[in-house]
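1. return a 3D structure for these sequence lines:
(one chain, ligands or ions: 2)
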Amino acid sequence: MLEPGTSVQYVKGIGPHRAAVLANKGIHTVDDLLHYLPFRYEDRLNPRTVAELRPGKMATIIAEVRNSGMFRTSRMPIFQLTVGQGRARLKCLWFNGTYLRDRFQPGQLVALYGKVDEDRRGELQIVQPQFEILGEASGDGEGDDVKAAASLEVGRIVPIYESAGQGKLTARWFRRIIRSTLENLTPDLPESIPAVVRARIGLVSPVETLWKVHWPDAGESITDLQSSRTPAHVRLIFEELFFLELGLELRRRQQKSQSGISFQLDDRVREAIKKILPFHPTNAQKRVLKEIASDMQTPFPMRRLLQGDVGSGKTIVALQAAIIAIENGYQVALMAPTEILAQQHFFSARQILENAGYRIVLLTGSIEQDRKRDIRRHIAQGNAQLVIGTHALLEEKVEFGKLGLVIVDEQHRFGVLQRLKLMRKSADEPAPAAKLDSKRGARVPGTDGEPDVLVMTATPIPRTLALTLYGDLDLSVIDELPPGRTPIVTRRISDERAPEVWEFVRKQVNAGHQVYVVYPVIEENQETELKAALKMYKELSNKTFTDLKVGLLHGRLDSELKEQVMRMFQRGELNILVSTTVIEVGVDVPNATVMVVEHAERFGLSQLHQLRGRIGRGAAKSFCVLMTGGKISEEGERRLDAMVRTNDGFEIAELDLELRGPGEFFGTRQAGMPDFRVANLIRDRQLLEAAKREAAAVVAGPSAEITKEERERAIQQMRARWRGTYGLAEVG
Ligand code: ADP
Ligand code: MG
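-> Numbers count the residues shown, from 1 in each chain. Ligands and ions are numbered 1, 2, ... in the order given. Below is the predicted model:
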């Protein structure tokens, strides 16, 4: 009998060599192998007859090879295969199909899957179908059925797996191996979801789940299978979401039970907060500050997410929170995702806070070593009250004398898992403070707790999704823009009309305003033929706008230069800033009223929205010009349309989520959102909510419904999963 934990190497038919190939796919154990799911299913129980085929539809057909061969067009070699069912014929083509030359023999039975279309003469064909050779036909046409029924390949709904090891381990191989693994699997798989939860959601058993997801019953709907809606799929999806939420919920509890810092909010502190305000806060700003302040007063560490669209005024709220901590004698760390943004926060914090006598320092990765050492000393001694930097602040183990509040800006750039790590780190970090104090012998046990953490994001994640995803955070939302903003006008225009755009730019500059011009790349390269910031900077400054001051900003400039350019633009010493997307987040120059984006078709939707968020920050009317050049994909069209249609960040986020899928949207690639096997956060929103609810009930403890053993088993399983899947060891 095979146990879930058994190494795949010991499964009959695998062995050490193939096990190594599987390991590359993340398959180490029997359990991993059984969770290697078909990416689609073929209905070979009711395959189409040639007569039933319709152009434009996907179809599976099973037929016999009649003949095959190569022919050439002027452009490429093409492999042609003709298959037949009785007298009916069907043609299949593979472009550049030389590799297939010797694959097929007349008489073989093959399964073909692909999109049916018509050739120039109106005859049906399938171009580039996926295929599987099912075996030799018996010749008399009669044995086919018998053989077919006996095999795993036909006469049923057949699972299709991605092959592995450059095609060495085929779909067919996986089918056999997984089948025999299931047959030899121990019948009593542990059940780690409590009975009451299973009943409420209607979950099938683990064994049934595994069997049916690989080998669906004959009656199962193909549509349900393809869209992961069968009971077996639902169980797998629920498992993924449930154990994620269980971890988040446990973490949330844990945080609540740690001791934090009770900041005092007396009249003196209130006065200090008010004094720094350069304008009247909006009602939304007042409300979220109240939520934050009340968290800060409690003896538990704050873990709060502040969400607000671009330009909604999150910075000032964060600075007010910082004042509460500082006035209580603590230090504050403010972390931004980019150096430019850190620098900008540094300028504006100085403008707002330095008159009041607060001590602010900037610490970023590129500051030279000597100065860095000074600054660090300053921080360690507790002199610096507000420390602004990139998240190198945490990575470089900066020691704080007395850290009370950590603010993470534009958290959407960090990603969920990275944030969890970040917070864990900041939770580990107060140790230096304690160390430092205990060295001096000044630390009184119990007086200093965990620092508070406030994370801010402009990504307006739909609220229910935010609550479930950021299940370990409390949520505050700024849902109102500062007064006096006129809506931004957005237009798309072909870059053939660039001269008109530049003329418009000139008019705006003459009216005293400033302009951003953004390019997708720094330098051009022949392949993409994209306009690039460097070249266009030269052209714009030397030809188009010889009389205006044009600056250039991109990621490869050294940080001092970046700072200088940014400062010049901020002071109005530059009329036009040519840039890459380094200005995407957070940059704040209210006098800038025009955002020209060249090759707008190349940018993501949220990215365009962020870029547009750089303008419309003052009272003057602002304009976003989306210039397009070259071919625009269908998705590109939808993005541009959306930008022209709406300024609403929520609407844009929803569409972006839909277009890109959750993985990309939340930055799985760079930042590590949990990479789900089956779950899809948008499609499975309802299951996600149910999972969160059930997880909370389980964490809340043994009850009439959930036994102590059930709770423990669930938590144990969650730990194993978090370690394996999410690479986070410490939860629960
Ligand atoms: P974001 O939420 O995108 O970080 P910022 O904090 O940068 O937005 O604020 C955007 C702009 O609005 C800044 O220029 C800021 O000074 C200004 N601002 C913020 N709140 C108000 C307010 N209540 N009244 C007027 N201007 C405000
Ligand atoms: Mg901001």
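2. list every C-alpha atom in stretch 117-137, with coordinates, as PDB.
-> C-alpha atoms of stretch 117-137 as PDB (Å, rounded to 0.1, in the frame of the first residue of the first chain):
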ATOM      1  CA  ASP A 117     -12.000  25.000 -39.200                       C
ATOM      2  CA  GLU A 118     -12.400  25.100 -43.000                       C
ATOM      3  CA  ASP A 119      -9.700  25.100 -45.600                       C
ATOM      4  CA  ARG A 120     -10.000  27.300 -48.700                       C
ATOM      5  CA  ARG A 121     -12.200  24.800 -50.400                       C
ATOM      6  CA  GLY A 122     -14.600  24.700 -47.500                       C
ATOM      7  CA  GLU A 123     -13.400  21.300 -46.300                       C
ATOM      8  CA  LEU A 124     -13.100  20.600 -42.600                       C
ATOM      9  CA  GLN A 125      -9.700  20.400 -41.100                       C
ATOM     10  CA  ILE A 126      -7.900  20.700 -37.800                       C
ATOM     11  CA  VAL A 127      -4.700  22.700 -37.600                       C
ATOM     12  CA  GLN A 128      -2.100  21.700 -35.100                       C
ATOM     13  CA  PRO A 129      -4.300  19.300 -33.100                       C
ATOM     14  CA  GLN A 130      -3.000  17.700 -30.000                       C
ATOM     15  CA  PHE A 131      -2.900  14.000 -30.600                       C
ATOM     16  CA  GLU A 132      -2.300  10.700 -29.000                       C
ATOM     17  CA  ILE A 133      -1.600   7.400 -30.800                       C
ATOM     18  CA  LEU A 134      -3.900   4.900 -29.100                       C
ATOM     19  CA  GLY A 135      -2.600   1.800 -30.700                       C
ATOM     20  CA  GLU A 136      -2.500  -0.300 -33.800                       C
ATOM     21  CA  ALA A 137      -5.900  -0.900 -35.300                       C
END
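3. list the contacts of it.
-> Residues outside stretch 117-137 that contact it (C-beta atoms under 8 Å, 6 or more residues apart in numbering): 50, 53, 55-56, 59, 62, 64, 90-95, 103-105, 107-116, 143-144, 147-148, 151, 153-154, 160, 171-172. Heads up, the C-betas are built off the backbone N, CA and C, glycines and all.
4. just checking, which of those belong to strands?
-> Those of the contacts of stretch 117-137 mapping onto strands are 59, 62, 64, 90-95, 108-116, 160, per DSSP state E.
5. please, a ChimeraX command that selects the buried ones among the contacts of stretch 117-137?
-> To isolate the buried ones among those in ChimeraX, judged by 16 or more other C-beta atoms under 10 Å, type:
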select :50,53,59,62,64,90,92,93,94,103,104,108,109,110,111,112,113,114,116,144,147,148,151,153,154,160,171,172
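6. so where do the helices sit in the stretch 301-450 of the chain?
-> With DSSP state H, counting those that start in this stretch as the criterion, the stretch 301-450 of the chain has helices at 314-327, 339-353, 369-380, 392-395, 416-428, 430-440.
7. and the stretch 451-600 of the chain, which residues reach ligand 1?
-> Ala458, Pro482, Gly586, Asp588, Pro590 (C-beta under 6 Å from any ligand atom).
8. pull the most distant pair out of those residues.
-> Greatest spatial distance in these: Ala458 and Pro590, 16.8 Å, computed using C-beta to C-beta.
9. so for these two, which sits in the more crowded spot?
-> With neighbours defined as other C-beta atoms under 10 Å, Ala458 and Pro590 compare such that Ala458 has more, 26 against 15.
10. pull out the buried positions in stretch 644-651.
-> Buried positions in stretch 644-651, judged by neighbour count with 16+ other C-beta under 10 Å: Asn647, Gly649.
11. now it, how far from the centre of its chain.
-> 20 Å (C-alpha atoms, centre = their mean, to the nearest Å).
12. which element follows the lengthiest helix in the chain toward the C-terminus?
-> Criterion DSSP state H: the longest helix present in the chain is helix 231-257. The C-terminal neighbour of helix 231-257 among helices and strands, as given by DSSP states H and E, is helix 267-275.
13. in that following helix, what counts as buried?
-> Val269, Ala272, Ile273.
14. out of those, which is nearest to ligand 1?
-> Ile273 (13.9 Å; C-beta to the nearest ligand atom).
15. wait, the closest one sits on Ala325?
-> No - Ile273 is beyond contact range of Ala325, at 11.1 Å (criterion: C-beta atoms under 8 Å).
16. and Met456, which of the three is it?
-> Per DSSP: H, G, I helix; E, B strand; the rest coil, the secondary structure class of Met456 is strand.
17. surely it meets Val406?
-> No - with contact defined as C-beta under 8 Å, Met456 does not reach Val406; the gap is 11.5 Å.
18. pick out whichever of these two has more residues nearby.
-> Per other C-beta under 10 Å, whichever of Met456 and Val406 has more neighbours is Val406, with 30 against 24.
19. need the contact list for that one.
-> Residues counted as contacts of Val406 (C-beta under 8 Å, 6+ apart) are Val332, Ala333, Met335, Ser426, Pro451, Asp452, Val453, Leu454.
20. what's around the nearest residue to Arg89 once chain neighbours are set aside, how many residues?
-> Spatial nearest neighbour of Arg89, excluding adjacent residues (C-beta to C-beta, 6 or more residues apart in numbering): Thr82 at 5.8 Å. When neighbours are counted by other C-beta under 10 Å, Thr82 registers 17.
21. just list whatever residues bridge to Thr82.
-> Listed beta-bridge partners, Thr82: Asn67, Lys91 (assigned using DSSP bridges).
22. quick one, what contacts it?
-> Taking C-beta under 8 Å, 6+ apart as the contact definition, Thr82 lies against Val65, Arg66, Asn67, Ser68, Arg89, Leu90, Lys91, Cys92.
23. closest one of those residues to Glu239?
-> Cys92 (39.6 Å).
24. what about that closest one, distance to Val127?
-> Here the criterion is C-beta to C-beta, to the nearest Å. By it, Cys92 lies 7 Å from Val127.
25. what residues do these two have in common as contacts?
-> Common neighbours of Cys92 and Val127 (criterion: C-beta under 8 Å, 6+ apart): Gly114.
26. which bits of this structure sit near ligand 1?
-> 279-282, 285, 308, 310-316, 458, 482, 586, 588, 590, 617.
27. out of these, which end up buried?
-> Buried members of those, counted by 16+ other C-beta under 10 Å: 281-282, 285, 308, 310-316, 458, 482, 586, 588, 617.
28. now, the residues you listed that are in strands?
-> Short answer: these in strands (DSSP E) are Gly308.
29. returning to that earlier point: weakest of the helices of the stretch 301-450 of the chain by average pLDDT?
-> Mean pLDDT values for the helices of the stretch 301-450 of the chain show the minimum at helix 430-440, a mean of 35.
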